[in-house]
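Student: Coordinates for the following, if possible.
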Amino acid sequence: MSMDDPASRTFSDSWHRVAKVRVELRSSVRAHRQTFRGDTWVMLRDTLSSDWFRVSGEAWAFVTRLSLERTIEDAWMLTLEADPDTALTQEEVVQLLGQLNLSNLLNFDRASAGASLFERYRKRRGQETKALLMGFLAIKIPLIDPDRMLQAAMPLIRFLFGPFGAVLYLALLAVAGKALIDSADSLFSQGAGLLSPGNLPLLYVGFIIAKVIHEFGHAAVCKRYGGEVHKMGVMLLIFAPMPYVDATSSWGFRSRAERMLTGAAGVIAELGVAAVAALLWANTAPGVVNAIAYNVIFVASVSSVLFNLNPLLRFDGYHMLVDFLDVPNLFQRSREQLRYLGERFLLALPNGKPAARTRTEAWLLPLYGVTSIVYWLMLMATIVFFIAGEYLDLGVALAWILGFTVVVVPLWKFLKFLSTSPRLHHYRARTVALALAVAAVILVPLSWVPMPDRIRASGVLEASAYRQLNSESPGFLVELMALPGASVRRGEPLMRLESPELLFDLRAALLQREQLLAQELRATSLSVADLLPLRHQREAVESVIAELERQRAALLVTAPIEGIWSAPDFDTGLGRWVARGAPLGAIVDPSSWRFVAVLPQVATHLFDNRVHRVELRLRGQEHLNIVAPEAKIVPFETGTLPSRALGFAGGGDIAVSSADQNGLTAVEPFFRIQAPLPIEALGDGLGLAHGRLGTIRLTLDDAPLLLQWERGVRQFLQRRFRV
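Tutor: As a prediction, the model looks like this:
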């Protein structure tokens, strides 16, 4: 610890204000001794408010000597006499008393003139109000005291959370898991309507069922190990009611295993409910019961993994991690450590006190702090996008709340720190100047310095002159008569298909024609009146035969022109079914090539920029950089892809319509980019194949990074929400 640290000084400038005050712990405070990483700590709990406060062994030695019969100075002198090496300094005593008083754990002698120093009630209520507003309006309303009910249910609780209950629980999970695996297709398909308006009431019912059992799980295990549970009620989270239980008395358990099991009990109970719901869902017909069971499965499983078990959020997983690592108050101390690092290395403030007490905590606290902040931001953004996809107005409102919480509030706190913090009394001008300098170093390059601006798009290599071949008759590919890449002449066979169904239909039509001819011959001598209708029937059958013969002839695919045969999709496609109209390949002219790429319609900024350089790389030959002389952006929207391989159906990254079996119709319109590739500019060693995929990169006018990022976010939102 630095000698400049106020807490390290034996004497304090504020000592005269508290030395004669008489104070003691409130009678409602209970102490629980615990050990963290070999150090003894004491957990103080106010049984009236259920608030907790943690003090070190040295601080507890001082607190135990506080009494209304002696002054604070007398109590401090007693600790000095008992153990001068570990006794608190005067500055540490002042800080400790202020924190205890702010937590409403102290009782003052009314005659003490210094008791008004702390103004504890006003400050505490102010902090609670701020915490309420910043906690997304999380309001807890206690309704019942479940302690007696839990005490009466102790035999059942001991059975359920005992060895035999554990065996039954694992068996239940195994049976439910098998039921879900057997019905996996229905399980995932039913999730498509999870947020539909008709399912929202059932989803909330499932949520309430799962969370009530979750909270009872915490309460039951807490009671089993000797804790007290006196509060159960409703918490309004953004005005949405949900159950809660106060099982914080488990924080006082000496056994780490008991504390961890209490933290995990909610998830254990919730997964048990999910298992029962899974069996109910798998064995019931569609209806209200089936729908509620499905919603319980979703809530109890997904919410447990994303929220309750996740140690990066302050739910059950966080408390389990704290006990596992023996690092109490991990969340708050991680932020204090980040604040300390920022003040020390960015603002160069002296007298900072790190939250880390060991070398392990020195890297663990900032790592957890950064990770939890990033995860929280990602989770909140995911939730906002998910909700906005179904209810745009609600998603926009939540986005504003998130932006206010993440940007405006921290910035306001930082400005308030710079302007009013007593710590900056002697360094305020220097700190403000340094903060402005750091902000300038970050913002000026991002907002003013032009940086290379490039845009990438997926595309396909095409011959400038080619004849596309499509299947005129469906069938199975049985023979490739010309290898892809070979030079072919007009009329040369390329591939052969077979269609047993077509041959069967042709034979049936031929037999029908023979039958009609026989009937015509008979009608000539017996019934002349029937001759004309029979002749019309025969002519119709002969038209069918002609069409079937044409389709049979089309099973042998021949080259319509001279050129290079390109069919990359059929290299290893023997035996595959080829639908009617499916693309087979192309006959290309290898003397001239072009690259055709597709760009989302939101990228309209291309029309306001000058393209300075056009580069492309082909798949499988990424090490070769091809420079095109120019790129032409077609200013008309289209929806038909130049190649099936660019869409999802062909392994590309462009969403295609499910109604198009050929996979060529994109979900959203796009612009085409065409880059001519003269043969002399391609160089040697480049394998050209019509239909080969690649990526084109256009270098535009330089622009600041902030402008590029803003444009990227705006385009993403336009594509995501069609606005």
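
Student: From here on, just use CA atoms for contacts and neighbour counts.
Tutor: OK.

Student: Residue 152: neighbour count?
Tutor: 10 (other CA atoms under 10 Å).

Student: which other residues reach the helix or strand where residue 635 lies?
Tutor: Per DSSP states H and E, residue 635 falls inside strand 632-640. Strand 632-640 is touched from outside by 601, 664-675, with contacts defined as CA atoms under 8 Å, 6 or more residues apart in numbering.

Student: again, but for stretch 707-723
Tutor: 389, 447, 453, 602-603.

Student: Could you find the lowest-pLDDT member of these?
Tutor: Lowest pLDDT within these is found at residue 602 (65).

Student: least trustworthy helix or strand in this protein by mean pLDDT?
Tutor: The helix or strand of the chain with the poorest confidence is helix 120-134; it has a mean of 51 (mean pLDDT, DSSP states H and E).

Student: List the neighbouring strands of the following helix or strand past it plus their orientation.
Tutor: Heading C-terminal from helix 120-134, the first helix or strand you meet, by DSSP H and E, is strand 139-144. Looking at strand 139-144 with DSSP bridges, its partner strands are strand 232-237 (antiparallel).

Student: quick check, distance from the partner strand to the centre of its chain.
Tutor: The chain centre lies 26 Å from the centre of strand 232-237; the measure is CA atoms, centre = their mean, to the nearest Å.

Student: any residues touching it, and which ones?
Tutor: So strand 232-237 is in contact with 136-146, 241-246, going by CA under 8 Å, 6+ apart.

Student: Please apply the same query to stretch 673-681.
Tutor: 591-599, 614, 626-634.

Student: The strand holding residue 635: which residues count as buried?
Tutor: 633, 638-640 (16 or more other CA atoms under 10 Å).

Student: do stretch 393-409 as well
Tutor: For stretch 393-409, burial by neighbour count (16+ other CA under 10 Å) applies to 395, 398-399, 402.

Student: Looking at these, which is nearest residue 548?
Tutor: residue 395 (57.3 Å; CA to CA).

Student: quick one: contacts for the closest residue to the closest one other than its chain neighbours?
Tutor: Distance criterion CA to CA, 6 or more residues apart in numbering; nearest residue to residue 395, sequence neighbours excluded, is residue 388 at 3.9 Å. Contacts for residue 388 (CA under 8 Å, 6+ apart) come out as 394-396.

Student: any chance of the residues you listed in a markdown table, plus distance to residue 346 and secondary structure?
Tutor: Below are those laid out as a markdown table (distance: CA to CA, whole Å; DSSP: H, G, I helix; E, B strand; the rest coil):
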| residue | distance to residue 346 | secondary structure |
| --- | --- | --- |
| 394 | 38 | helix |
| 395 | 36 | helix |
| 396 | 34 | helix |
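
Student: Just send those back as a markdown table, with pLDDT too.
Tutor: Below are the contacts of residue 388 laid out as a markdown table (pLDDT from 0 to 100):
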| residue | pLDDT |
| --- | --- |
| 394 | 84 |
| 395 | 84 |
| 396 | 86 |
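
Student: Secondary structure element for residue 198, which one?
Tutor: Using DSSP H and E, residue 198 sits in no helix or strand.

Student: Counting neighbours, what do you get for it?
Tutor: Around residue 198 there are 10 residues (other CA under 10 Å).

Student: if we can go back for a sec, let me know the closest of the buried residues of stretch 393-409 to residue 505.
Tutor: residue 395 (57.6 Å).

Student: Double-check that closest one against residue 385; I have them as touching.
Tutor: Yes: the criterion here is CA atoms under 8 Å, and residue 395 meets it with residue 385 at 6.7 Å.

Student: Can you check which residues contact both of those two?
Tutor: Joint contacts of residue 395 and residue 385 (CA under 8 Å, 6+ apart) do not exist.

Student: Distance-wise, check residue 494 relative to residue 482.
Tutor: 5 Å (CA to CA, to the nearest Å).

Student: Just put the contacts of stretch 707-723 in TSV and tack on neighbour count.
Tutor: Below are those laid out as TSV (neighbours: other CA atoms under 10 Å):
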residue	neighbour count
389	15
447	15
453	14
602	20
603	14
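
Student: which ones among those residues are found in helices?
Tutor: Members of the contacts of stretch 707-723 lying in helices (criterion: DSSP state H): 389, 447.

Student: Pipe the contacts of stretch 707-723 into JSON lines and attach distance to residue 522 per row.
Tutor: Listed next are the contacts of stretch 707-723 as JSON lines, based on distance: CA to CA, whole Å:
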{"residue": "389", "distance to residue 522": "72"}
{"residue": "447", "distance to residue 522": "94"}
{"residue": "453", "distance to residue 522": "84"}
{"residue": "602", "distance to residue 522": "72"}
{"residue": "603", "distance to residue 522": "74"}
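
Student: can you tell me which two in the contacts of stretch 707-723 are farthest apart?
Tutor: Checking the contacts of stretch 707-723 with CA to CA, the most distant pair is 389 and 447, at 31.2 Å.
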